[in-house]
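Student: A predicted structure for the sequence below; I have some questions about it.
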Amino acid sequence: MADDLDELLDEVELRFCRDGSATSREGMAGVGGSDKEVKISAPSVPPKETSKEEDDLSDLIEDIFHDDPSISDLSKSSPGAITNCSGHRPPQTKGRKCCPVYLGGSSAPLGLGTNTSQRTCDQLRCTTCDFRVITLDDYEWNKSCDYFFFRNNMPDLNKLKVKTLSRRGARAYACQCSWRSIQNLTDLREEQALRWVCGKH
């Protein structure tokens, strides 16, 4: 009975003790057996490698935080992170998405758009046709443009310019399935038919 108990305790220590070695229970008073201590090495655990799935999950979480302005950056910030007075981290352009995404005429500055820095996104991508959105400054699309024109001619700018009109201050946007001519700064959320997203700056 005592030997069975010792073996059970040794097995428990072997499986559940995290430190490099554990002392067996053979020397416990009242159990019997020898008083010597036996060192048992815990099985070595290989270092954890970051899998592709974990990286993808981290990217998705990062996208959620950038896409939803109601989620504060504070929930992601580590202790000691530098923040400004509003509690948000200072803007970093590498790998960030516009929030919100702006479209605009040729006079609107290009770059990473935020609530405080209203810049028109120059990294737009369509989630329907998976084409990058092209822009033509000081042009607008002719009213005769249709889906088949863009489907057949995208992304050849020389062929696309055939159906443009020169208009100072305008900017013509197009992917393979959608197109817009924009004169003033516009929030992309107002253009419900467009399936364009910021592809990160």
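Tutor: Noted; the coordinates are in hand. Numbers count the residues shown, from 1 in each chain.
Student: Now do the SS call for residue 158.
Tutor: helix (DSSP: H, G, I helix; E, B strand; the rest coil).
Student: Output the contacting helices and strands for the lengthiest strand in the chain.
Tutor: Counting residues, the longest strand found in the chain (DSSP state E) is strand 164-174. When contacts are defined as 3 or more CB pairs under 8 Å, 6 or more residues apart in numbering; DSSP states H and E, strand 164-174 packs onto strand 134-141, strand 179-182. The C-beta positions use only the backbone N, C-alpha and C, and glycine is treated the same way.
Student: Report the strands that pair with the first one, each with its relative direction.
Tutor: Partner strands and pairing direction for strand 134-141 (DSSP bridges) are strand 164-174 (antiparallel).
Student: what's the average pLDDT for the partner strand?
Tutor: In this model, strand 164-174 carries a mean pLDDT of 95.
Student: all helices of the chain, in order?
Tutor: 2-16, 52-67, 147-153, 157-160 (DSSP state H).
Student: need the least confident one among those, by mean pLDDT.
Tutor: helix 52-67 (a mean of 60).
Student: now residue 111: how far from residue 179?
Tutor: Residue 111 sits at a distance of 22 Å from residue 179 (criterion: CB to CB, to the nearest Å).
Student: These two: which is more packed in?
Tutor: Neighbour count, other CB atoms under 10 Å: between residue 111 and residue 179, residue 179 has more, with 22 against 16.
Student: my guess is that one meets residue 150, correct?
Tutor: Yes. If you go by CB atoms under 8 Å, residue 179 and residue 150 touch, sitting 6.0 Å apart.
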